[in-house]
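*Asks:* After the sequence you'll find the predicted model.
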Amino acid sequence: FSGSRPFRAPGGGRLPAGGRYRMPEDSFATLETQATYAEHHGVFQLFEGLLQDLLIHKPDDPIAHLIGALGQTAVPRVIVFGAPSTDTTFQCKSIASSHSLVHVAADNLWLEASTAGTETGLAAKALKDAGKDIPSELTQRMVMEKLASPECSSRGWVLEGFPSAASEAHAMLTSGVLPTRVIEIALDEAEAKRRLVGRRVDPVGNVVYNGHQAPPVDPEVLARLVHRVEDTEERVLKRLLSYRYAARPMRAAFAQTLVTVDGARSNDAIAAEIAPTITSAMSSRAPRGAPRVLLLGGPAAGEEELADGLEQRYGAIAVSAARLLKAAATKDTATGRKLLPYTVGEIWDVPSEVLAPLVLERLKGEDVRRKGFVLTGFPNNAQQAKMLKNAGVWVRQAVLLDTGAKEAARKLTEARFDPVTGKQYHPDAFWPDDRNVEARLVQHPRYSAAAVEAALASWEERKVKLLAAYPELLTEDATRPALTLEERLQPCF
């Protein structure tokens, strides 16, 4: 502004040319250390959770309530819903069993509540005895009472059958019952229709069969199967339409904690995908620093290629220990000549005192500190993991890319090398069209059966202690397509 005094940087100095103030390195390092501590220990989430708890319970003595809340252990609170014909009950039982949670089935809750003699339970039983439906408001009250019980509060819960509409979801949230994870089992409408219309019921024992998948082999059972009215095409289409309109606002209400899984697969495959997503941590609006991702994996895991894709998609810098080593070794210096012999072997065989300085120096780069990193090729063993920690490098998320020994051996031994151009080929991904090139391809000595077996043995020997350094390790199937892995790792960024 006209006549205003020039802005001065801290300490009284004028701003440098261009008008941008550069924070001193020691101040930046202090701020970075404080921010890392706050994020690593969940300081923002702690206060966020305590404030949330106060607003929900509105205690007369907030301090005493907070002291009690600090002593409680966080537990998972899970909701499972899914498209018609998906087996949400199987998944809820699986989650409850694997995480020791209480399985709360809203449709059957009135039986438990009426047996316990609660006011809501007796009211629901009276309606049932009269042949009437239990209204949503009464179901909601029974659900809230159950979730607030000492059993659910101490162990955590997995809820099935409620909420089933946007109004119920919003009522649940405004009551202060906040899930830490919501699972939707999604299914294409055409597949859901095929499953439902194909269902048949044996009136003896009320056993349900699907004529498309597993019809009964006993001819007597087959002869007495009936097609229920609710499984006719007209009724099924109405159910699917109803679910479509109900699910959309449900997804919006639980967007921060929602995980969607493909319900077209087997129950066991769905359960395996759901299991690692169950958490006791609430979604948070706390500030988050730059990504700090470590990709670990044995031979043929493809960490470098995935890191490159993650850099392009999310902006974090791909830091490859192998590439740093090669770059340093190509310099015509005494250090470069000293490093050159290490470039022809495997990265895990390079001594820690050679590799660690290269990696740690790169991680100090301003671009890495600003944009974050995706680190590959280091650490390769427990000692290097300790070196990384002692150097003050905090990894927010370590990811194991698991290929499996058999698949890794196949991928490596089938690779071929062109001795003329130096290009590498593989029948799974990239193979030459030129027959002359194809004819001269050879197997690189590094990918001989004996060399691959030794590499896999080395990984198995190092793996257990290395992975133990990262107790919150995320495991991903490295055989998935690269784009799929990039999408699945989005929460890390």
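*Replies:* Perfect, I can see it now.
*Asks:* okay, now the closest residue to E160 other than its chain neighbours: neighbour count?
*Replies:* Sequence neighbours aside, C92 is the residue nearest to E160 in space, at 4.5 Å (criterion: CB to CB, 6 or more residues apart in numbering). Just so you know, the C-beta spots here come from the backbone N, C-alpha and C atoms, and that holds for glycine as well. As a burial measure, C92 scores 23 neighbours (other CB atoms under 10 Å).
*Asks:* Against which helices or strands is the one helix or strand C92 maps to packed?
*Replies:* Assessed by DSSP states H and E, C92 sits inside helix 88-99. When contacts are defined as 3 or more CB pairs under 8 Å, 6 or more residues apart in numbering; DSSP states H and E, helix 88-99 packs onto strand 77-82, strand 102-105, strand 157-160, strand 181-186, helix 267-274.
*Asks:* who touches the nearest residue in space to R155 that is not next to it in sequence in this structure?
*Replies:* Distances taken as CB to CB, 6+ apart place V102 nearest to R155, at 5.5 Å, with adjacent residues excluded. Residues in contact with V102 (CB atoms under 8 Å, 6 or more residues apart in numbering) are A96, E151, C152, R155, G156, W157, V158.
*Asks:* try 10 Å
*Replies:* 75, 96, 146-147, 149, 151-159 (CB atoms under 10 Å, 6 or more residues apart in numbering).
*Asks:* what's the closest of those to R488?
*Replies:* Here the nearest of the contacts of V102 to R488, counting by CB to CB, is V158; it sits at 22.6 Å.
*Asks:* related to what we said a few turns ago, and the residue nearest to R155, bridged to which residues?
*Replies:* Per DSSP bridges, the residues bridged to V102 are W157.
*Asks:* Tell me the confidence at it?
*Replies:* Listed pLDDT for V102 reads 94.
*Asks:* Use 19 as the first number for this chain going forward.
*Replies:* Happy to do that; since the first residue is 19 now, the last one works out to V120.
*Asks:* Low-confidence regions, this structure specifically.
*Replies:* Counting by pLDDT under 70, the ranges of the chain that qualify are 19-47, 49-50, 70-71, 73-75, 229-231, 300-306.
*Asks:* Skipping its backbone neighbours, what lies nearest the residue nearest to the spatial centre of it in space?
*Replies:* For the chain, the residue nearest the mean C-alpha position is T295 (5.4 Å; CA atoms, centre = their mean). In this structure, T295 finds its nearest non-sequential neighbour in V277, 4.8 Å apart by CB to CB, 6+ apart.
*Asks:* Columns distance to L255 on top of the helices and strands packed on helix 106-117, output as CSV?
*Replies:* Shown next, in CSV, are the helices and strands packed on helix 106-117 (distance: least, CB to CB, whole Å):
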stretch, distance to L255
strand 95-100, 18
strand 120-123, 26
strand 175-178, 24
strand 199-204, 18
helix 285-292, 25
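*Asks:* So the residue nearest to T295 is in contact with T198, correct?
*Replies:* No. Checked against CB atoms under 10 Å, the pair V277 and T198 is beyond contact range at 11.1 Å.
*Asks:* Comparing these two, which residue is more hemmed in?
*Replies:* Neighbour comparison, V277 and T198: the larger count goes to T198, with 18 against 15 (by other CB under 10 Å).
*Asks:* quick one, what contacts that one?
*Replies:* Counting by CB under 10 Å, 6+ apart, T198 has contacts 92-97, 174, 275, 296-301.
*Asks:* swap the cut-off to 8 Å and go again
*Replies:* By CB under 8 Å, 6+ apart, T198 lies in contact with A92, P94, R95, V96, T275, T297, S298, A299, M300, S301.
*Asks:* now swap in T136 and tell me
*Replies:* Contacts of T136 (CB under 8 Å, 6+ apart): M160, E163.
*Asks:* any idea how far it lies from A124?
*Replies:* T136 is 15 Å from A124, where distance means CB to CB, to the nearest Å.
*Asks:* now do Q90
*Replies:* Q90 is 25 Å from A124, where distance means CB to CB.
*Asks:* Looking at these two, which is more packed in?
*Replies:* A124 (19 against 10).
*Asks:* Looks like the more buried one contacts E163 (just checking).
*Replies:* No. The pair A124 / E163 is not scored as a contact, 11.9 Å apart, by CB atoms under 8 Å.
*Asks:* Among the contacts of T198, which ones are in strands?
*Replies:* Secondary structure from DSSP state E places R95, V96 of those in strands.
*Asks:* Among the contacts of T198, which one has the most neighbours?
*Replies:* Using other CB under 10 Å as the neighbour criterion, V96 leads these with 29 neighbours.
*Asks:* what is it paired to in the beta sheet?
*Replies:* Note on V96: beta-bridge partners V176, R199, judged by DSSP bridges.
*Asks:* pretty sure it is touching I113, no?
*Replies:* Yes. Using CB under 8 Å, V96 makes contact with I113 at a distance of 6.0 Å.
*Asks:* Mind listing the shared neighbours of the two?
*Replies:* By CB under 8 Å, 6+ apart, V96 and I113 have these common neighbours: L119, V176, I296.
*Asks:* Buried subset of those, written for PyMOL?
*Replies:* PyMOL command restricting those to the buried ones, with burial defined by 16 or more other CB atoms under 10 Å:
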select buried, resi 119+176+296
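*Asks:* Out of the shared contacts of V96 and I113, which is nearest to S103?
*Replies:* Set against S103, the nearest of the shared contacts of V96 and I113 by CB to CB is V176 (20.1 Å).
*Asks:* Assess the claim that that closest one and L119 are in contact.
*Replies:* Yes. Contact criterion CB under 8 Å: V176 and L119 qualify, at 4.9 Å.
*Asks:* Find residues that contact each of those two.
*Replies:* Common contacts of V176 and L119 (CB under 8 Å, 6+ apart): P94, V96, I113.
*Asks:* which one of the residues you listed is nearest P234?
*Replies:* P234 has its nearest neighbour among these in I113, at 30.1 Å by CB to CB.
*Asks:* need the contact list for the residue nearest to the centre of the chain.
*Replies:* T295 neighbours (CB under 8 Å, 6+ apart): R199, I201, V277.
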